[in-house]
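Novice: mind folding the following:
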Amino acid sequence: MFNGFLNHQTEGIGMAAGILAISALVSRLLALVRDRILAGQFGAGEELDIYFIAFRIPDFIYGILIVGGVSVVFLPLFAEYFQKSSQDGWKFANNILNCFLILFILICGVLIIFTPFLVEIIAPGFNQDQKSSLIILTRIMFLSPVFFGLSSIFSGVTRYFNRFLSYSIAPILYNLSIIFGILFFVPIFGLSGLAYGVVLGAFLHWIIQLPSAKMSGYKYLPIYDFQSPGMIKAFKLMIPRTIGIAASYLNLIVITAIASTLTIGSVAIFNFANNLQYFPIGLIGISFTVASFPILSQNWANGQKDKFLKNFSLIFRQILFLIIPASFLIFLLRAQVVRLILGTGKFDWWETQLTAASLGIFSLSIFALALIPFLSKVFFSFQDTKTPTKTGIYSVFLNIFLCFLFIWLLGFHNIFQGMMVNFLDLQEIKDVRVIGLALALSISAIFQFFLLLFFLKKQISEINFLEIFQSIKKIILASIFMSIFVYLTLDVIGSLVDMRTFFGIFIQMASASLVGLSFYTLISYYFFKSPEIHIMKNSIFKKLKNK
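Specialist: Model prediction:
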């Protein structure tokens, strides 16, 4: 019965995106629970700074080899080989699996040896005791890229056959494992228990993919041919993309290194705010991106350019229709969000204020961060990995420059510091430099987004950006009207409930969100007649009618 459940095939991008969105919602909610437990148990202090920095190098390996490597090149190439014959497809899949497994183990093994040297680079502001703990956690976490690498191959297979359920369950198991590590491993192993929870989550992320891959027809074959045409082509496609994704992960490494030299807790504050902004990005942007990538790859491979362009425009506008109002809401409700999710235990008021301010800055670029993965996958669908690489590199250089600039301005320039402090209501905080990191990352993300659009238009001139621009105008206007109702609701509810309690904050935020989203939907549907909401409505009713 369980195997039959995992073997279910979805029909269409809308249904696949719906499944992934539900999964992302559950996974992101669990991530919020995880962060709440971390904040309550440790606070934004030394221990969490160590934990978050321990992610950086393993995350870097995960990014360049898996996010920027296997997961990008495998699906289009597997589709290409499988269309020739299923036998060719499965041989290619097994060869990729075995060769990359060897590569993952070798790279992670070497990095485990050189972890002390790497720690000196990523945490220059740490003392020797902090660095010793960081070395232990980082070495444990180097096991996770190996399991994630295996998972990426099997998830590519299941997504090709539109079996999204196991893929959607994997991140849920990952976050559950981290929570399990906090609650049960930490009392036994201390801070290292957090790392063991991460490794357990990566292992389960892989294991849950196996049944669906097997049901799709996969059978293991001991093929190890690094010189096969498929492997050579995979490496050629990977190299530019790996450089590009490495650049984006270097962004976070640079930010982490700078944050380690600031006030204790700055690393944790930045990561908490970054995790919160990724709630809507994962729920909306990533869900649509993952669901659309196989379709776009097949459209292009089959020479169906009209369908490709139609799907691109539709998905782009649907992401914007959902992500822009979410960005407005997050900016308006940033304090309530942080107080609800992180405001417990050892998480102090000054930490809450700085995290809320960073989240408010991040909300300005959420639309860009939600669409960058989609635009990158559009390029990948026609096997162009160079363009996203170039834009990623440009973005990194801009981010590094802005990080140092804003840290300096917020530390020594009274006019700029005063503007930011007054805008984000941080008068009680002495050191606000950490918000400069969020501002730098936001600006560089917006820059990368527009660069991708520019290069995409140069490559595919037939893309109808006028249609997209017309939708954006309606979405922004509807979001502005929504914001007015949200602000009024916050004021009214705030005077009726006790804002010093969890229940009072929840009622205020829930009421404002419900009122705002209701007006956004009504205004979009009846006043602006936005095509995106009509498409979603028709899709939902069609699915219900079919059932």
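
Novice: ok now stretch 396-411, how far from the chain's centre?
Specialist: Averaging C-alpha positions (CA atoms, centre = their mean, to the nearest Å) puts stretch 396-411 23 Å from its chain's average.

Novice: and it, which residues are buried?
Specialist: Neighbour-count burial for stretch 396-411 flags Val396, Leu398, Asn399, Ile400, Leu402, Cys403, Phe406, Ile407, Leu409, Leu410 (criterion: 16 or more other CB atoms under 10 Å). Placement of C-beta: from N, CA and C, glycine included.

Novice: likewise for stretch 180-193?
Specialist: Phe180, Gly181, Ile182, Phe185, Val186, Phe189, Leu191, Ser192, Gly193.

Novice: helix or strand: which one has the first one?
Specialist: For Phe180, the enclosing helix or strand under DSSP states H and E is helix 165-180.

Novice: contacts for the helix or strand following that helix, please.
Specialist: On the C-terminal side of helix 165-180, the closest following helix or strand by DSSP H and E is helix 186-189. Contacting residues not belonging to helix 186-189 are listed as Gln41, Gly193, Leu194, Tyr196 [CB atoms under 8 Å, 6 or more residues apart in numbering].

Novice: look at the last one and say how many residues are nearby.
Specialist: It refers to Tyr196. Tyr196: 22 surrounding residues under other CB atoms under 10 Å.

Novice: and for Thr115?
Specialist: Using other CB under 10 Å, Thr115 is surrounded by 18 other residues.

Novice: was I right about it contacting Met141?
Specialist: No - assessed by CB atoms under 8 Å, Thr115 is found out of contact with Met141, at 10.0 Å.

Novice: hmm, back to that, what's the most distant pair in the buried residues of stretch 180-193?
Specialist: By the measure CB to CB, Phe180 and Leu191 form the most distant pair in these, at 15.6 Å.

Novice: show me how the record splits this protein into domains.
Specialist: 8-463, 464-547 (automatic domain parsing).

Novice: contacting residues around stretch 426-444?
Specialist: Contact with stretch 426-444 is made by 251, 255, 258-259, 262-263, 266, 269-270, 273-274, 350, 353-354, 357-359, 361-362, 364-365, 395-396, 398-399, 402-403, 405-407, 409-411, 417, 420-421, 424, as judged by CB under 8 Å, 6+ apart.

Novice: make that stretch 118-138, sorry
Specialist: Contacting residues not belonging to stretch 118-138 are listed as 46, 49-51, 53-54, 56-58, 111, 115-116, 191-192, 194-195, 253, 256-257, 260-262 [CB under 8 Å, 6+ apart].

Novice: please redo it, this time with the cut-off set to 6 Å
Specialist: 50, 53-54, 56-57, 115-116, 192, 195, 253, 256-257, 260-261 (CB atoms under 6 Å, 6 or more residues apart in numbering).

Novice: Asn299 touches Phe308, doesn't it?
Specialist: Yes - in this structure Asn299 lies within contact range of Phe308 using CB atoms under 6 Å: 4.0 Å.

Novice: of those two, give the one with the bigger neighbour count.
Specialist: Per other CB under 10 Å, whichever of Asn299 and Phe308 has more neighbours is Phe308, with 24 against 21.

Novice: so for the more buried one, what's the pLDDT?
Specialist: Predicted confidence (pLDDT) for Phe308: 82.

Novice: I'd like the distance between it and Phe382.
Specialist: 8 Å (CB to CB, to the nearest Å).

Novice: now the contacts of stretch 426-444: which count as buried?
Specialist: Neighbour-count burial (16+ other CB under 10 Å) applied to those gives 251, 255, 258-259, 262-263, 266, 269-270, 273-274, 350, 353-354, 357-359, 361-362, 364-365, 395-396, 398-399, 402-403, 406-407, 409-410, 417, 420-421, 424.

Novice: now stretch 179-194 - C-alpha only, PDB.
Specialist: The C-alpha coordinates for stretch 179-194 follow below in PDB (Å, rounded to 0.1, in the frame of the first residue of the first chain):
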ATOM      1  CA  ILE A 179      14.300  18.200  15.200                       C
ATOM      2  CA  PHE A 180      14.900  14.700  16.400                       C
ATOM      3  CA  GLY A 181      18.600  15.500  16.700                       C
ATOM      4  CA  ILE A 182      17.800  18.600  18.800                       C
ATOM      5  CA  LEU A 183      15.500  16.800  21.100                       C
ATOM      6  CA  PHE A 184      17.300  13.500  21.500                       C
ATOM      7  CA  PHE A 185      20.800  13.600  20.200                       C
ATOM      8  CA  VAL A 186      21.900  16.900  21.800                       C
ATOM      9  CA  PRO A 187      21.200  15.600  25.400                       C
ATOM     10  CA  ILE A 188      23.400  12.600  24.600                       C
ATOM     11  CA  PHE A 189      26.200  14.000  22.400                       C
ATOM     12  CA  GLY A 190      26.000  17.800  23.200                       C
ATOM     13  CA  LEU A 191      26.300  20.200  20.300                       C
ATOM     14  CA  SER A 192      27.500  17.400  18.000                       C
ATOM     15  CA  GLY A 193      24.000  16.000  18.300                       C
ATOM     16  CA  LEU A 194      22.800  18.700  15.900                       C
END
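
Novice: and that stretch, how far from the chain's centre?
Specialist: 25 Å.

Novice: what of stretch 154-164?
Specialist: Offset of stretch 154-164 from its chain centre (CA atoms, centre = their mean): 20 Å.

Novice: and for Trp206, the neighbour number?
Specialist: For Trp206, the count of nearby residues is 20 (other CB under 10 Å).

Novice: repeat for Leu101
Specialist: Number of residues near Leu101 (other CB under 10 Å) recorded here: 15.

Novice: and if you look at Asp498?
Specialist: Using other CB under 10 Å, Asp498 has 11 other residues around it.

Novice: same question for Gly45.
Specialist: Gly45: 16 surrounding residues under other CB under 10 Å.

Novice: state the distance from the nearest residue to it once chain neighbours are set aside to Glu46.
Specialist: Sequence neighbours aside, Gly265 is the residue nearest to Gly45 in space, at 5.4 Å (criterion: CB to CB, 6 or more residues apart in numbering). For Gly265, the distance to Glu46 equals 8 Å [CB to CB].

Novice: what do you get for Gly193?
Specialist: Gly193 is 16 Å from Glu46, by CB to CB.

Novice: try Thr289
Specialist: Taking CB to CB, one finds Thr289 at 36 Å from Glu46.

Novice: kindly report the same for Phe481.
Specialist: In terms of CB to CB, Phe481 sits 45 Å off from Glu46.

Novice: could I get the full set of strands for the protein?
Specialist: Taking DSSP state E, the chain contains no strands at all.

Novice: low pLDDT regions in the protein?
Specialist: Applying pLDDT under 70 to the chain picks out residues 1-18, 20-21, 68, 241, 244, 534, 537-547.

Novice: and for stretch 307-318, what's in contact with it?
Specialist: Residues from elsewhere that reach stretch 307-318 (CB under 6 Å, 6+ apart): Phe288, Ser292, Ile295, Asn299, Trp300, Glu462, Asn464, Glu467, Ile468, Ser471, Glu532.
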